[in-house]
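Enquirer: Provided below are the primary sequence and the corresponding predicted coordinates.
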2 protein chains.
Amino acid sequence: MSYALNGKGGVSEATRQRILEAAEQLGWRPNEAARALSFSRAGAIGFIIARPPQTLGDESFYMQLITGMETELSKSSTALLLQTVETVEESVEAYRRWAAQGRVDGVVVSDLRHDDPRPAALRQLRLPAVALGGDAQTGLPRVYSDESESVREVITYLAGLGHQRIGYVSGSPTYLHVLNRTKVYTDVMLTLGLEPTVEATDFSVESGRSATRRFLASQRPPTALVYDSDAMAVAGLAVATAAGVPVPHDLSIVAWDDSLLCQVVHPALTAISRDIRALGGVAASHLRAVLQSAARGIPQDPSKDALPDVVQPTPHLVTRASTSPPPTSAMTPAPRSGSRRAKNGKGRVTAGPSTPPDVR
Amino acid sequence: MSYALNGKGGVSEATRQRILEAAEQLGWRPNEAARALSFSRAGAIGFIIARPPQTLGDESFYMQLITGMETELSKSSTALLLQTVETVEESVEAYRRWAAQGRVDGVVVSDLRHDDPRPAALRQLRLPAVALGGDAQTGLPRVYSDESESVREVITYLAGLGHQRIGYVSGSPTYLHVLNRTKVYTDVMLTLGLEPTVEATDFSVESGRSATRRFLASQRPPTALVYDSDAMAVAGLAVATAAGVPVPHDLSIVAWDDSLLCQVVHPALTAISRDIRALGGVAASHLRAVLQSAARGIPQDPSKDALPDVVQPTPHLVTRASTSPPPTSAMTPAPRSGSRRAKNGKGRVTAGPSTPPDVR
């Protein structure tokens, strides 16, 4: 057979042609160039999203991430095996099936949790993996950026505008990155002598709405809200507007994951922005590097001899019209004097006399 | 081995336990319940998106669709093998690889084109498939809805408000669904005695912006624009607003694919709405039915004995604040008398004396 495909050896031209046609029909390619680049045997990497599906449709994060992975994977004709599940336990089940069937060469893991069962399961299954975010304790090679610095930048920026009641609409506290963001938010608030207040959600638009309503109905409502996603932030903006709370005059809003949503609403949303497609691409190429190490005989146990983590640029704050100094009535007499009053409700940010935060 | 897993036969309890543990580690499950439900051998279906990746990130359509497929597939522990490519020829290459490697049990095909090479390739590869949309000539079992009726509804609605210059920002004319929508738009306009004007795009936000700019710069700019996606419509809204063309007072806007984007902009966009997640779910379950037919010995050639198409509910028009009668100056003295002037710029739709369209 290989004689026929190579065009060598003692088969007749007619036979050779027949075999080549059969091979063509089967999709075989002699010396397929893409194969050399591919992710070893299975030719696919796996990605399991463990979130309720109803929170995925409005999120641009995953589509951006998947698009980024795909752009990188398409260079080597590698496919992405995608599965959505509700729980991490179901993820582990799927990993077992995939490993048993040789379905994927490796996986990208996201939304890591405290006491997450997946890293240990992947080690046991000898399934190479790269983690998006998470912490060093997962023992997987990681691709991450310093989100703590971004949270610090947002709170410093809002406090610099004069806000003292800054609420946080957090995502689901089951995720490590949410826990980390919440912890940094709390620490920075306490350091500034301000009271942290958190409403936890499940990342759904509906839970973003209710969290906003609870904040606005509280005894001393916040003058600024930071949201853990952009879909929740635009939902919050709609709730505030409908409740007659003008943004940014009476309420400043900051979103995470600066997608098109943040840019098209009115007022446009100040947001923590990162290149999610680039993140997906880097995750895929880092997994390729891990697989190549494994192929060169480096032990596949991801906890040992793992490749160094890849640190991505820190997400940065993009200021738009949804943030301004708080209304005067909300400001207690500050030791730092000077007017920080918003001159109008149009979202123009009037910088106060205090040191402006380092906003890129 | 099967004796050990079944708990029968003459192996010692210790041996049985060892084998079971090994099987457990390998991910094998005795009598795995999910297996019975699964999509036959490969346990995965394939979906290839043949679009430039830069147009995917802002589109909610594909994430909604994939989420819908996943929700259905997760019931049978079936994974989705996803690949993005730039051209349909690359899709065919990927199908050949998948078929040769037994990677998927079947595929869902979208964005069908005129003279699309994929249906024939899939028949040749004996790879069962379901088409999303497309036309009867593809010869594949289809899941589709009557988009012609929706286009007719939109144009009738806008003409009923008094609009005579209604432009169409179409998607890429390589897709059958875009060609169909454009044809119906043109037919309906001509039937009403109005002049059709189309600006074709590649579905990217940037091309939606430029198409809007070209329309606004034309000699007699349109008083209403219909967009082929929601991301392009919000981009068009931003361009109009920035150009000092108030929406809806001077320009009415209608979007396709009513995602969160349409609801959060100001003014909120009138849109053609359909349940995209449901569409994805139905595509997956229809493919399952096709595979089950194939498994029962019905010939796998999708051109013969194919299951009947599944007709989905017609997308319907959701009216919001982005549409109103045109400014008076834009209205030529109409044979149908009566004032249809917009009483204000706030987007309230003042129904004219003509028969109101059947708007759900």
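Expert: Okay, I see it.
Enquirer: where's A:Asp309 relative to B:Arg320, distance?
Expert: 46 Å (Cβ to Cβ, to the nearest Å). (Glycine included, C-beta is placed from N, CA and C.)
Enquirer: More neighbours: which of those two?
Expert: Counted by other Cβ atoms under 10 Å in any protein chain shown, A:Asp309 and B:Arg320 do not tie: B:Arg320 has more neighbours, with 20 against 15.
Enquirer: That one is in what secondary structure piece?
Expert: Taking DSSP states H and E as the criterion, no element holds B:Arg320; it sits outside all helices and strands.
Enquirer: my guess is it meets B:Pro267, correct?
Expert: Yes: here B:Arg320 reaches B:Pro267: they are 6.9 Å apart, a contact under Cβ atoms under 8 Å.
Enquirer: so which helix or strand takes in A:Leu190?
Expert: For A:Leu190, the element it lies in under DSSP H and E is helix A:176-191.
Enquirer: Correct me if wrong, but A:Gly102 is in a helix.
Expert: No: the assignment for A:Gly102 by DSSP: H, G, I helix; E, B strand; the rest coil gives coil, which leaves it out of any helix.
Enquirer: longest helix of chain A?
Expert: helix A:276-295 (DSSP state H).
Enquirer: Packing partners of that helix?
Expert: helix A:61-73, strand A:106-109, strand A:129-132, strand A:142-144 (3 or more Cβ pairs under 8 Å, 6 or more residues apart in numbering or on different chains; DSSP states H and E).
Enquirer: distance between the helix or strand following the longest one and the chain's centre?
Expert: Moving toward the C-terminus from helix A:61-73, the next helix or strand (DSSP H and E) is strand A:79-85. On the basis of Cα atoms, centre = their mean, to the nearest Å, the separation between the geometric centre of strand A:79-85 and that of its chain is 16 Å.
Enquirer: Keeping just the C-alphas, turn strand A:79-85 into CSV.
Expert: Backbone C-alpha positions of strand A:79-85 (Å, rounded to 0.1, in the frame of the first residue of the first chain) are rendered in CSV as follows:
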residue,chain,number,x,y,z
ALA,A,79,-10.0,20.5,15.8
LEU,A,80,-11.5,21.6,19.1
LEU,A,81,-13.6,19.0,20.9
LEU,A,82,-16.1,21.1,22.8
GLN,A,83,-18.4,20.0,25.5
THR,A,84,-20.6,22.0,27.9
VAL,A,85,-21.5,20.4,31.2
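Enquirer: Direction included, what does it pair up with?
Expert: strand A:44-50 (parallel), strand B:79-85 (antiparallel) (DSSP bridges).
Enquirer: Out of these, which is closest to A:Ser252?
Expert: Each of the strands paired with strand A:79-85 has some distance to A:Ser252 by Cβ to Cβ; the shortest is strand A:44-50, at 31.4 Å.
Enquirer: and for the closest one, what are the contacting residues?
Expert: Counting by Cβ atoms under 8 Å, 6 or more residues apart in numbering or on different chains, the neighbours of strand A:44-50 from elsewhere in the structure are A:39, A:56, A:62, A:66, A:69, A:73, A:78-88, A:90-91, A:94-95, A:98, A:103-111, A:284, A:287, B:79, B:81, B:103.
Enquirer: do the same with stretch A:228-236
Expert: With Cβ under 8 Å, 6+ apart as the test, stretch A:228-236 has contacts from A:58-61, A:168-171, A:178, A:181, A:201, A:203-209, A:211-212, A:225, A:227, A:253-259, A:261-262, A:265, A:269, A:271, B:260, B:264.
Enquirer: low-confidence ranges in chain A?
Expert: The model of chain A has pLDDT under 70 over residues A:1-40, A:57-58, A:297-306, A:330-360.
Enquirer: That one: strands as residue ranges?
Expert: Counting by DSSP state E, chain A has strands at residues A:44-50, A:79-85, A:106-109, A:129-132, A:142-144, A:166-170, A:197-200, A:224-227, A:252-256, A:270-273, A:310-311, A:316-318.
Enquirer: Using CSV, lay out these together with mean neighbour count.
Expert: CSV is the format used below for the strands of chain A (neighbours: other Cβ atoms under 10 Å in any protein chain shown):
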stretch, mean neighbour count
strand A:44-50, 25
strand A:79-85, 24
strand A:106-109, 24
strand A:129-132, 27
strand A:142-144, 22
strand A:166-170, 26
strand A:197-200, 18
strand A:224-227, 29
strand A:252-256, 28
strand A:270-273, 26
strand A:310-311, 14
strand A:316-318, 19
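Enquirer: would CSV of those strands with distance to B:Leu158 be doable?
Expert: Rendered in CSV, the data for the strands of chain A read as follows (distance: least, Cβ to Cβ, whole Å):
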stretch, distance to B:Leu158
strand A:44-50, 39
strand A:79-85, 38
strand A:106-109, 46
strand A:129-132, 45
strand A:142-144, 48
strand A:166-170, 39
strand A:197-200, 42
strand A:224-227, 36
strand A:252-256, 34
strand A:270-273, 34
strand A:310-311, 51
strand A:316-318, 36
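Enquirer: and of those strands, who's closest to B:Glu153?
Expert: Put simply, out of those the one that sits nearest B:Glu153 is strand A:79-85, at 33.4 Å, with distance taken as Cβ to Cβ.
Enquirer: Determine the angle, from 0 to 180 degrees, between the closest one and helix B:61-73.
Expert: 60 degrees (axes from the mean of the first three to the mean of the last three Cα atoms, to 10 degrees).
Enquirer: Give me the contacts around strand A:79-85.
Expert: Under the contact criterion Cβ under 8 Å, 6+ apart, strand A:79-85 has outside partners A:43-51, A:53, A:56, A:66, A:69-70, A:73, A:91, A:94, A:98, A:103-104, B:44, B:46, B:66-67, B:70-71, B:73-74, B:79-83, B:94, B:98, B:103.
Enquirer: follow-up on the earlier one: buried residues in the helix holding A:Leu190, which are they?
Expert: Buried residues in helix A:176-191, counted by 16 or more other Cβ atoms under 10 Å in any protein chain shown: A:Leu176, A:His177, A:Val178, A:Leu179, A:Asn180, A:Arg181, A:Thr182, A:Val184, A:Tyr185, A:Thr186, A:Val188, A:Met189.
Enquirer: Farthest pair within those residues?
Expert: Within the buried residues of helix A:176-191, two members stand farthest from each other by Cβ to Cβ: A:Leu176 and A:Met189, at 20.2 Å.
Enquirer: I'd like to know how far the residue nearest to A:Leu81 when sequence neighbours are not counted sits from A:Gly102.
Expert: Leaving aside its chain neighbours, A:Leu81 sits nearest to A:Gly46 (4.4 Å; criterion: Cβ to Cβ, 6 or more residues apart in numbering or on different chains). According to Cβ to Cβ, A:Gly46 and A:Gly102 sit 12 Å apart.
Enquirer: A:Thr241 and A:Ala278: what is the separation?
Expert: As defined by Cβ to Cβ, A:Thr241 lies at a distance of 33 Å from A:Ala278.
Enquirer: Show me which residues of the stretch 201-350 of chain A sit near chain B.
Expert: The stretch 201-350 of chain A comes close to chain B at residues A:205, A:231, A:234-235, A:237-238, A:259-261, A:263-266, A:276-277, as judged by Cβ under 8 Å from any Cβ of the partner chain.
Enquirer: ok, back up a step: can I get the helices and strands packed on helix A:276-295 in CSV including distance to A:Pro327?
Expert: As requested, the helices and strands packed on helix A:276-295 are exported to CSV (distance: least, Cβ to Cβ, whole Å):
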stretch, distance to A:Pro327
helix A:61-73, 33
strand A:106-109, 44
strand A:129-132, 39
strand A:142-144, 38
